[in-house]
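> requesting a structural model of the entry that follows:
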Amino acid sequence: MTTIEYRPIGVIHSQFKAPKGTPIQATGSTGVEADIEVFPPYSEGLADLIGFSHIFLIYHFHLSRKFSLKVKPFLDDKKRGLFATRAPARPNPIGISVVRLVSIKNYRLRVLDIDIIDKTPLLDIKPYVPEFDVRKADKIGWIKKRINKIDSAADDGRFST
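Below you'll find the predicted structure:
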């Protein structure tokens, strides 16, 4: 199998310094501000991005170490298959979050609703377009019984090692 390598295009600066206490999803971090530093060689790629109210941030879970194919997710006491969860410790520890884009100055983005740890390597940015990106889901698996707990959920620290 071919090796795949990614290089960060920037770094995320947020108030969350460790996994423990960081909101699990962006719905639990409404109004939380952060800065995204895009490295100068990639700054030209920010042209026209300010025309979008929301963006996808694709990033590397840099604090995740070991993964297990069965995990106990934050909303449940039962072990679930890793790919049926959003646990950050994964074979390829890649995260994705939708945030509100507030401003761009030079090569720094100001965003709201961040659920990402400080100094997280940024791999990519994509515009969020509801007409392309939102689909009505017929099923949401085991989470259906626990979905009402998501807004107040924060990382309890069990997935970062």
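
> quick one: the helices in the chain?
Secondary structure of the chain by DSSP state H: the helices cover 130-133.

> quick one: low-confidence parts of it?
25-27, 140, 142-161 (pLDDT under 70).

> for the longest strand seen in the chain, buried residues please.
The single longest strand within the chain, with elements called by DSSP state E, is strand 94-105. For strand 94-105, the buried set under the neighbour-count rule, 16 or more other CB atoms under 10 Å, comprises 95, 97, 98, 99, 100, 101, 104. (Glycine included, C-beta is placed from N, CA and C.)

> so the last one touches residue 46, yeah?
Yes. The criterion here is CB atoms under 8 Å, and residue 104 meets it with residue 46 at 5.8 Å.

> out of the buried residues of strand 94-105, the closest to residue 128 would be?
Within the buried residues of strand 94-105, proximity to residue 128 (CB to CB) peaks at residue 98, which comes in at 5.3 Å.

> what distance do you get for that closest one to residue 123?
Distance of residue 98 to residue 123, given as CB to CB, to the nearest Å: 15 Å.

> check residue 133 too.
18 Å.

> which of these two has more neighbours?
residue 123 (17 against 12; other CB atoms under 10 Å).

> residue contacts, the more buried one?
Contact criterion CB atoms under 8 Å, 6 or more residues apart in numbering gives 6, 8, 9, 58, 59, 60, 94 as the residues in contact with residue 123.

> so what's it closest to, chain neighbours aside?
Nearest-residue entry for residue 123: residue 58, 4.8 Å, with adjacent residues in sequence omitted and distances by CB to CB, 6 or more residues apart in numbering.

> verify the stated contact: that neighbour with residue 96.
Yes. A contact is recorded between residue 58 and residue 96 when judged using CB under 8 Å, the distance being 5.3 Å.
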